[in-house]
Structures are given as structure tokens and as C-alpha cells.
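Visitor: Any chance you could fold what I've pasted below:
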Amino acid sequence: MSVVRVLSGGAAAAVVKAVQPRFEAETGARIEATYSAVGQMRDQLVGGAPCDLVILTKALVNQLVESGHLVAGSARSLGIVKTGVAVPSGRPRPKIGDRDELAAAFRAAQEIYFPDPEKATAGIHFMNVLKALGLDRECQAAFRPYPNGATAMAAMAKSGASAVIGCTQETEINYTAGVDLVGSLPEEFELATDYTLGLCTRALEPELAGRLADLVAGPASEAVRRQGGFGF
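Guide: Take a look at the predicted model:
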């Protein structure tokens with residue numbers, strides 16, 4: 001059986017999973033996907049990991065096209081994803097409309113969940129937000145970093161602490177059971193990321209990867225992308 005290997009940022013995991021049954025039924029091939037922080041996925045590709053298709057940020061995809069790791073002209077956008085704040089389902093939703101409200105929400109938290117502050121797009125941005133608010137040291141004891149936003153949100157959903165909050169890409173919030181989106185970061189701290197796919201130059205299954213790309217970035221997945229928070 002043919003295998004299409006995918007390296008993807010966590011924000012797009014639910015999109016790939018949504019089209020996977022159709023792809024596998026139509027092609028007889030299977031998908032073998034790894035989802036984590038986009039920086040980690042880039043490092044795996046550059047390090048030689050087998051891959052047919054990647055889904056990363058537009059900036060990283062463009063870099064990988066220039067470096068020859070991705071096929072020129074193969075980049076296709078899945079949509080724009082904002083970064084948001086979340087709480088476990090059913091918990092009170094703090095006000096986060098401006099700088100002061102956002103800072104107060106984080107100060108009040110016993111636990112703060114977020115993705116890798118060095119490799120994940122949202123994690124890097126969130127740490128910069130905390131620094132701008134002067135909370136990177138003050139709230140350090142509450143930090144609960146995880147490899148990516150999806151694992152951070154899944155862990156937050158299981159937390160028994162009374163005051164819990166998290167921040168990551170809104171798709172990773174919307175697609176995770178047990179957590180609720182409070183809202184996007186205030187305009188001052190807004191981050192909107194264009195998630196983009198690309199076909200690998202070393203792909204072992206380039207034709208199948210192209211067919212999967214059509215499903216992931218095309219009409220077949222539009223509803224699930226909109227549901228999760230991808231903007232077009």
C-alpha cells in the first residue's frame with residue numbers, strides 16, 4: 001500500500017484528518033502524518049525526514065521553496081488563523097478586550113497553557129505578548145508549555161485547577177474537546193497566520209501528494225476549515 005507522509009503544524013491537523021477517509025477510499029493509499037510545532041516540522045524536513053507534503057506557515061513554506069526543499073509553485077493557502085485565548089469548557093470567561101484586561105486574566109491564573117515558545121508560531125508570539133505585559137517572569141510558575149497547541153489544549157481540558165487559561169491558534173482551540181474559545185487576542189497583540197501547504201521535492205508519492213493537497217486546500221475541506229476558525 002502506498003503511503004503519503006505529511007508534516008504539519010498542529011493548527012491544520014483536523015483538516016487533514018477530515019479528508020483522510022475520502023482520500024484513502026479514493027486512492028487506496030494511507031496517510032502517515034505528524035503534527036507538531038511548525039518549527040519542529042521544518043527541522044524534520046530539512047533534516048531529511050521522509051515527507052511528501054507539508055503544512056506550515058506561509059513564511060516557512062516560502063523559505064523552503066527558496067531552499068529547494070519544496071516544489072516551486074506548489075504552495076496553496078488553507079486560510080488565515082488568528083491566535084486566541086481559551087479556558088476549560090464551562091469555566092467563567094475572563095475579559096480580554098484590552099491590554100489591562102488581558103494582563104489581569106493571566107495574573108489570576110494558577111495555570112497557563114500554551115505551545116512551545118521556541119518552535120511554535122503561537123507559542124513564540126504568546127511569549128512575546130507576556131514580555132510586553134511584563135508577565136514573563138511574574139507568571140512563570142503558572143506556565144504549562146507543551147510541544148504544540150493541540151496537546152496544550154488537551155492537557156488544559158483535563159486540569160483540575162480552579163483558575164486556568166491558555167493561548168494558541170484558534171483552530172487548535174475550536175477543534176479540541178473540553179475547551180472554549182474566549183476570543184482573539186486584543187488588536188494590539190493580534191497574530192493572524194496564513195497556513196500554507198507545499199509539495200516536497202523529495203516526495204516519494206508526488207501524484208498522491210497532489211491529490212491530497214487538492215482535498216486539504218480545496219472545496220472538500222472548506223466547511224471544516226471555516227468551522228475551526230480558518231478565514232478566507
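Visitor: Go through the longest strand anywhere in the chain and flag the buried ones.
Guide: Longest strand in the chain, counting residues (DSSP state E): strand 76-88. Neighbour-count burial for strand 76-88, with 16 or more other CB atoms under 10 Å as criterion, is recorded at 76, 78, 79, 81, 82, 83, 84, 85, 86, 87, 88. Quick note: C-beta positions are derived from backbone N, CA and C, even for glycine.
Visitor: Go through this protein and flag its longest helix.
Guide: The longest helix of the chain (DSSP state H) is helix 13-27.
Visitor: Now whatever helix or strand residue 155 lives in - C-alpha only, CSV.
Guide: Assigned by DSSP states H and E, residue 155 belongs to helix 149-157. The C-alpha coordinates for helix 149-157 follow below in CSV (Å, rounded to 0.1, in the frame of the first residue of the first chain):
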residue,chain,number,x,y,z
GLY,A,149,-1.2,24.0,20.8
ALA,A,150,-3.3,20.8,20.4
THR,A,151,-1.5,19.0,23.2
ALA,A,152,-1.6,22.1,25.3
MET,A,153,-5.3,22.5,24.9
ALA,A,154,-5.9,18.8,25.6
ALA,A,155,-4.0,19.0,28.8
MET,A,156,-5.8,22.2,29.8
ALA,A,157,-9.1,20.4,29.3
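Visitor: Can you pull the domain assignment for this structure?
Guide: If you go by automatic domain parsing, the domain ranges for the chain are 3-79+194-228, 81-189.
Visitor: Pipe the ones you listed into TSV and attach mean pLDDT per row.
Guide: Formatted as TSV, these follow (pLDDT from 0 to 100):
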stretch	mean pLDDT
domain 3-79+194-228	97
domain 81-189	96
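Visitor: still on that earlier bit, after the helix holding residue 155, which helix or strand is next? Please name it.
Guide: Remark: after helix 149-157, the chain's next helix or strand is strand 164-169, criterion DSSP H and E.
Visitor: Mind giving me the packing neighbours of that following strand?
Guide: The criterion is 3 or more CB pairs under 8 Å, 6 or more residues apart in numbering; DSSP states H and E, and the helices and strands that strand 164-169 contacts are strand 76-88, strand 111-115, helix 121-133, helix 149-157.
Visitor: any residues touching stretch 89-107, and which ones?
Guide: 85, 87, 108, 112, 129-130, 133-135, 138-139, 142, 157, 164-165, 177-180, 182-183, 185-186, 188-189 (CB atoms under 8 Å, 6 or more residues apart in numbering).
Visitor: Tell me the buried residues in stretch 225-232?
Guide: Buried-residue list, stretch 225-232, by 16+ other CB under 10 Å: 225, 228, 229, 230.
Visitor: Endpoint to endpoint, that stretch covers what distance?
Guide: End-to-end distance for stretch 225-232: 9 Å, by CA to CA, to the nearest Å.
Visitor: just how off-centre is that stretch within its chain?
Guide: Distance of stretch 225-232 from its chain centroid, counting by CA atoms, centre = their mean, to the nearest Å, is 12 Å.
Visitor: Secondary structure class of residue 177, three-state.
Guide: Using DSSP: H, G, I helix; E, B strand; the rest coil, the three-state assignment for residue 177 comes out as coil.
Visitor: tally of neighbours for it?
Guide: 8 (other CB atoms under 10 Å).
Visitor: Quick check: chain neighbours aside, which residue is closest to residue 177?
Guide: Nearest residue to residue 177 in three dimensions, chain neighbours excluded: residue 157, at 6.8 Å (CB to CB, 6 or more residues apart in numbering).
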